[in-house]
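[1] after the sequence you'll find the predicted model.
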Amino acid sequence: MPHRTVPGAEPMPPSMLDQFMVALAGLASLGLAVFLIAGGFRHGWLGVAFVVPAWGVLAYLALPRLNAALADVYVPANFMGRARTSDGLLGDPVNLAVSGSREHLIRIMTSAGWVVADPITARSSWGIIRSTLRRSSYPSAPVSPLLVFGRPKDLAFEMQVDGNPKQRHHVRFWACPEGWRLPGGDAVQWLGGATYDKAVRLSLYTLQVTHRVAADTDSERDHVVSTLSAAQPGLNVRRLTAFSSGYRSRNGGGDVFVTDGALDIISLGSGDTTTTAGAASAPAGSVRGRTVADLVRRRPLEVFLAYVFLGLSLLQAAEKVIAASVIHSGLGVGQAATATLALAIAVLAWGALRGSRGARSVLMVVLVAAFTVTLLDAGTQSTRLFLATALHATWLTSALVLLSSREAARSLDGAPRGGRGVLAPAASS
């Protein structure tokens, strides 16, 4: 039977190869964590020193990839009134809708005392760590990239409480695709999810450091509405009580929350309702004449970090080949193979950066092979060689995990491919 895509539905699921590589990246990360701990204890004190790196591999590489692989199989694809994490897990509830333009939404939110959240970058991520350690204020700290309609948030706002970086009100907004309507037929331009961060702790599902969300999400929805009503007296707000039934669940970080299932619809008034939905994921255009730095800067943080790790692995491989050629006055079979593999990775990485889907796929396969050879070649190494092998395996695994992410697939392949999908039967003619 022919099918059509439902307006506003999640993008089609990733290809079988992408799904396989996500699972393989998770398994490679688990293998790396075991290698670090087991190999470390073979070298005495290194076993204790490698506990923290092993936790980092589990929390930020292995468990997110395994969650993503399982979510593609077990998490329903239809929109259920909840956002999703970048790993595909169901996240916070959607409890707000807005009718109005992007400019009007930003204007009323900022006039009500809300601060626009910074995008997630290397600099803003370091800012979060620094403010948490120093217990200093970071009023525009970024919020995690939850997805609706297969896309990260378009806008995010927050209010810190008494300058405490651990506690904040925050709300994300996603622009609704053309043709998408609420239950009952109402057309709106934005969906929003408001929650309150009350502490910092480890995620139940990934062991990552994250904010803990307060259970009463309805109070946070009401807080957003009350601040906007105070900023614009007479604001038109009505409640859609049947948006979903009330329920109790856990979000993508494992926090328990409770909601009555109602959705507040905020009408900002007449005027242009342009939302620029999906502008952030628009194709970057021609890549001719651009340098590697130009191409990387235009990509998401995941792609930037992937190429940092690829660069580190290539530098380490080059150092190994050069050192061996100097010592032995030429390249042996092993060094020649290392040089060839490094050259292949460099060429494929450049092709992937220029938008070749095939290059990204082959690059991931080559990274798996390089990672496997690296671990098999470890054997009974000296402490110095073990550290070098551990570093090289970490660079390769990190690059593999990031390149297999939904964000990398959307950015490098030139089309949205990283979300869940839903199809509906086509109307008969």
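    Looks like it came in fine.
[2] for this protein, give me the ranges with low pLDDT.
    Within the chain, the stretches with pLDDT under 70 are 1-14, 46-47, 270-298, 326-334, 379-381, 414-429.
[3] care to break it down by domain?
    9-71+283-412, 83-281 (automatic domain parsing).
[4] how about these in TSV, adding distance to Ala77 and mean neighbour count?
    Backbone N, C-alpha and C define where each C-beta goes, glycine included. Shown next, in TSV, are those (distance: least, CB to CB, whole Å; neighbours: other CB atoms under 10 Å):
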stretch	distance to Ala77	mean neighbour count
domain 9-71+283-412	6	18
domain 83-281	10	18
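[5] which of the helices or strands spans the one residue sitting closest to the centre of the chain?
    Closest residue to the average C-alpha location of the chain: Ser86 at 4.3 Å, with CA atoms, centre = their mean. Assigned by DSSP states H and E, Ser86 falls within no helix or strand.
[6] pretty sure it is touching Arg151, no?
    No. Contact criterion CB atoms under 8 Å: Ser86 and Arg151 do not qualify, at 11.1 Å.
[7] for the nearest residue to the residue nearest to the centre of the chain once chain neighbours are set aside, grab phi and psi.
    Leaving aside its sequence neighbours, Ser86 sits nearest to Pro145 (CB to CB, 6 or more residues apart in numbering; 5.6 Å). Here is the backbone geometry of Pro145 (degrees, to the nearest 10): phi -80, psi 70.
[8] show me where the stretch 201-350 of the chain has its helices.
    Assigned helices in the stretch 201-350 of the chain, in chain order: 217-231, 292-297, 301-328, 333-353 (criterion: DSSP state H, counting those that start in this stretch).
[9] nearest to Glu178, of these?
    Glu178 sits nearest to helix 217-231 of all these, at 25.1 Å, using CB to CB.
[10] elements contacting that closest one?
    The contact analysis (3 or more CB pairs under 8 Å, 6 or more residues apart in numbering; DSSP states H and E) places helix 217-231 against strand 96-99, helix 102-111, strand 164-175, strand 190-202, strand 236-240, strand 256-259, strand 263-267.
[11] now do it: everything it contacts.
    Applying CB atoms under 8 Å, 6 or more residues apart in numbering, the contact partners of helix 217-231 are 92-93, 95-96, 108-109, 111-114, 169, 171, 192, 194-196, 214, 235, 237, 257-260, 262, 264, 266.
[12] OK, contacts around the residue nearest to the centre of the chain?
    Pro64, Ala68, Pro145, Leu146, Leu147, Pro152, Ser405, Arg406, Glu407.
[13] ok, now how distant is the second one from Leu375?
    For Ala68, the distance to Leu375 under the criterion CB to CB, to the nearest Å works out to 23 Å.
[14] one more: the last one?
    With the distance defined as CB to CB, Glu407 ends up 27 Å from Leu375.
[15] repeat that for the fifth one.
    Taking CB to CB as the measure, Leu147 falls 33 Å from Leu375.
[16] one more: Lys153?
    Going from Lys153 to Leu375 by CB to CB gives 38 Å.
[17] quick check on Gln232: phi, psi?
    For Gln232, the backbone dihedrals (degrees, to the nearest 10) come out as phi -130, psi 90.
[18] quick one: it and Ile108 touch, right?
    Yes. With contacts counted by CB under 8 Å, Gln232 reaches Ile108, the gap being 5.7 Å.
[19] closest one to Ile322 among the helices and strands packed on helix 217-231?
    In terms of CB to CB, the element of those nearest to Ile322 is strand 190-202, at 41.7 Å.
[20] counting contacts, what elements does the closest one pack onto?
    For strand 190-202, the elements it packs on are strand 90-93, strand 96-99, strand 164-175, strand 209-213, helix 217-231, judged by 3+ CB pairs under 8 Å, 6+ apart.
[21] C-alpha coordinates for the second one, CSV please?
    Looking back up the chat, that one is strand 96-99. The C-alpha atoms that make up strand 96-99 are tabulated as CSV, following Å, rounded to 0.1, in the frame of the first residue of the first chain:
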residue,chain,number,x,y,z
LEU,A,96,2.6,24.6,26.2
ALA,A,97,1.6,25.9,22.8
VAL,A,98,2.0,29.3,21.4
SER,A,99,0.3,31.1,18.5
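[22] where's stretch 107-125 relative to the chain centroid, distance-wise?
    In terms of CA atoms, centre = their mean, to the nearest Å, the centre of stretch 107-125 is found 18 Å from the chain centre.
[23] which other residues reach it?
    For stretch 107-125, contacts defined as CB under 8 Å, 6+ apart pick out 106, 127, 139-143, 145, 155-160, 170-171, 227-228, 230-232, 268, 301, 304-305.
[24] following element in sequence after the helix or strand where Trp126 lies, please.
    Under the criterion of DSSP H and E, Trp126 resides in helix 122-134. Next helix or strand after helix 122-134 toward the C-terminus (DSSP H and E): strand 147-148.
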